[in-house]
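*Asks:* Quick check, what structure comes out for this input:
(2 chains)
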Amino acid sequence: MRFFAKLFNKRANWAIPYAIFLALFVALPLVLIVIYAFRGADGGFSLENFIKFVTQPEAVNTFIYSIGIALITTILCILLGYPAAWILSNKQLNRSEVMVVLFILPMWINILVRTLATVALFDFLKFPLGEGALIFGMVYNFLPFMIYPIYNTLQKMDHSLIEAAEDLGATPSEVFRKVTIPLSMPGVMSGIMMVFMPTISTFAIAELLTMNNVKLFGTTIQENINNGMWEYGAALSLIMLVIIGITSLFSDGDEQADSESLI
Amino acid sequence: MKRFFAQLYLWLLLALLYAPIIIIAIFSFTESKVLGNWTGFSTALYTSLFSGGAHSSLMDAIRNTLSIALIAATASTALGSIAAIGIFNMRGRKKQVINFLNDIPMLNPDIITGISLFLLFVSLGISQGYTTVVLSHIAFCTPYVVLSIMPRLQQMNPNIYEAALDLGATPFQALRKIIIPEIRPGMISGFILAFTLSIDDFAVTLFTKGNEGLETLSTYIYADARKGGLTPELRPLSTIIFAVVLLLLIIINIRAKRIAKRKQAM
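*Replies:* Next up, the predicted model:
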């Protein structure tokens, strides 16, 4: 008892329970992914899971296709979302704060409910489910995640910089190209992170939106895990982690601050 | 003119964003099994959603979703608050390591978190079910709690705590009377964030729920859609979820505005 009382007196020690929890439920599980990924059929160290991936054209194709879909979704989200974020943050063009809430709202609704709604819309309009529905559904699901961080940075931007540019004789389009866009880049970057990463790793959404006709990389991973191919599934997860690690090198981790300031 | 086009663009985009949910809301007021088939106005789907009966599994899923979210949010708020105080008082390398580990669940895609926890439970031989889902939810919610409490601790005057100790308070009393009141707003927003993250979660739940028939709303919808026939009761349910979220966000916004106004008046 005395030992614990002493431990409790130093406040840095209060993090110990969480440190143990993190080691057990965050660090160890990730180590297990690496261990399983490099485990061969005989239980020893082996690269056979990765060799299996590179030598299977189907898996590689799914992988490339998924990156393609994620890129298209991200680009469409920027093209549609940037103007919206810009208008929302511009006091002359939009004075309504309810409008901002309306754009953030979908982020708070369960992603499966939203996907279900997209499927319903396509059924209702008698559009066939497939690649088109998939891209629409992805953009529909992730557009708010692009608008919100961009809106946030534009909102916080120092407006005297724009006035200064105007005073110095810049035309409106020059101000936009040379001041607004560069200053909003951090928002665009975290928007890219918040859209690209989830799209590359989604699985169920694609199944529902395409009647199982289109397979994404996430689905491949899930199928392997479900069918007991844990080693191969872990290797594919590791490959996905590497891609995500590379993407996150391009951003500065702003998206945490953004998701936090939501409340 | 410019303003007109700007507003037009926003409304068109909103129409696109809301078209699916509006269609669902409209067709939640008719009885037809197939969506898009209007068979006259009826609230039958709402009654059958709440009366349970044939769709008691859906009600079970809703109940599980809420109870898991409540337990996970409470536990992660408690764990995260204590942890945040500890981390805040840490120095050097240890602090870096724990902050790094704390970032992982936020950066990791859900599917990776789910698979990694699945591998943990199977290799430890733990049978998966309600408990493993709750533990997993605590794992990905707590980092957000820690992050929402940290700024509060940074703003706090460190001398107050020391003063309390000098005046004879035990560390526990000082925690209860000094630190907790200071970080309470962060704890509340951390709790809300954890609660919504847990309700929204799909991937982690799917991989850690085992196969004893435990379903949350997300996994129920997924299983249902895979079977091909979407339960019609999901239409009134989605409508209600949408209405509740809309209402909550509007209330939060109005309240925030009022507080801001009051501050200005002072």
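*Asks:* Is residue 85 inside a helix or a strand, and which specific one?
*Replies:* Looking at chain A here, since you left the chain open. helix A:57-89 (DSSP states H and E).
*Asks:* if you could check chain B rather than the one you did, that'd help
*Replies:* Assigned by DSSP H and E, B:Ile85 falls within helix B:56-88.
*Asks:* The helix or strand following that helix and chain A in contact?
*Replies:* Using DSSP H and E, the helix or strand that follows helix B:56-88 in sequence is helix B:92-107. Yes: against chain A, helix B:92-107 shows contacts by Cβ under 8 Å from any Cβ of the partner chain at B:98, B:101-107. Any C-beta I mention is one placed from the backbone N, CA and C, and that applies to glycine too.
*Asks:* just the angle between helix B:92-107 and helix B:56-88, please?
*Replies:* 160 degrees (axes from the mean of the first three to the mean of the last three Cα atoms, to 10 degrees).
*Asks:* how about helix B:92-107: buried residues?
*Replies:* Buried positions in helix B:92-107, judged by neighbour count with 16 or more other Cβ atoms under 10 Å in any protein chain shown: B:95, B:98, B:101-107.
*Asks:* Could you do stretch B:147-165 as well?
*Replies:* B:147-150, B:152-153, B:161, B:164.
*Asks:* Put together a markdown table for those residues, with pLDDT and secondary structure on each row.
*Replies:* As requested, the buried residues of stretch B:147-165 are exported to a markdown table (pLDDT from 0 to 100; DSSP: H, G, I helix; E, B strand; the rest coil):
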| residue | pLDDT | secondary structure |
| --- | --- | --- |
| B:Leu147 | 92 | helix |
| B:Ser148 | 91 | helix |
| B:Ile149 | 92 | helix |
| B:Met150 | 91 | helix |
| B:Arg152 | 88 | helix |
| B:Leu153 | 89 | helix |
| B:Tyr161 | 86 | helix |
| B:Ala164 | 89 | helix |
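*Asks:* C-alpha coordinates for stretch A:110-129, PDB please?
*Replies:* This file holds the C-alpha atoms of stretch A:110-129, laid out as PDB (Å, rounded to 0.1, in the frame of the first residue of the first chain):
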ATOM      1  CA  ASN A 110     -22.600   6.600 -39.100                       C
ATOM      2  CA  ILE A 111     -20.800   5.800 -42.300                       C
ATOM      3  CA  LEU A 112     -22.800   2.700 -43.000                       C
ATOM      4  CA  VAL A 113     -26.000   4.700 -42.700                       C
ATOM      5  CA  ARG A 114     -24.700   7.100 -45.200                       C
ATOM      6  CA  THR A 115     -23.600   4.400 -47.600                       C
ATOM      7  CA  LEU A 116     -27.000   2.800 -47.200                       C
ATOM      8  CA  ALA A 117     -28.500   6.100 -48.200                       C
ATOM      9  CA  THR A 118     -26.400   6.300 -51.300                       C
ATOM     10  CA  VAL A 119     -27.400   2.800 -52.300                       C
ATOM     11  CA  ALA A 120     -31.000   3.800 -51.800                       C
ATOM     12  CA  LEU A 121     -30.500   6.900 -53.900                       C
ATOM     13  CA  PHE A 122     -29.100   4.900 -56.800                       C
ATOM     14  CA  ASP A 123     -31.900   2.300 -56.500                       C
ATOM     15  CA  PHE A 124     -34.400   5.100 -56.500                       C
ATOM     16  CA  LEU A 125     -33.000   6.700 -59.600                       C
ATOM     17  CA  LYS A 126     -32.600   3.300 -61.200                       C
ATOM     18  CA  PHE A 127     -28.900   3.900 -61.800                       C
ATOM     19  CA  PRO A 128     -26.900   0.700 -61.800                       C
ATOM     20  CA  LEU A 129     -24.600   0.100 -58.900                       C
END
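*Asks:* So what touches it?
*Replies:* By Cβ atoms under 8 Å, 6 or more residues apart in numbering or on different chains, the residues outside stretch A:110-129 that reach it are A:106, A:133, A:136-137, A:140-141, A:204-205, A:208-211, A:213, B:19-21, B:23-24, B:27, B:35-36, B:199-200, B:202, B:217-218, B:221-222, B:225, B:230, B:234-235, B:238, B:241-242.
*Asks:* tell me the angle of the helix or strand hosting B:Ala163 relative to helix B:56-88?
*Replies:* Counting by DSSP H and E, the element that carries B:Ala163 is helix B:158-166. Angle, helix B:158-166 to helix B:56-88, by the same axes, to 10 degrees: 80 degrees.
*Asks:* List every C-alpha atom in the helix or strand following helix B:158-166, with coordinates, as PDB.
*Replies:* Per DSSP H and E, the first helix or strand lying C-terminal to helix B:158-166 is helix B:171-174. What follows is helix B:171-174, C-alpha atoms only, in PDB (Å, rounded to 0.1, in the frame of the first residue of the first chain):
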ATOM      1  CA  PRO B 171      -2.500  14.300  -3.900                       C
ATOM      2  CA  PHE B 172      -5.900  12.700  -4.200                       C
ATOM      3  CA  GLN B 173      -7.700  15.700  -2.700                       C
ATOM      4  CA  ALA B 174      -5.700  18.100  -4.900                       C
END
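*Asks:* just checking, next helix/strand downstream of helix B:171-174?
*Replies:* helix B:180-200.
*Asks:* Check A:Glu260 and give its pLDDT.
*Replies:* The per-residue pLDDT reported for A:Glu260 equals 42.
*Asks:* and what of A:Leu249?
*Replies:* So A:Leu249 comes in at 75 (pLDDT).
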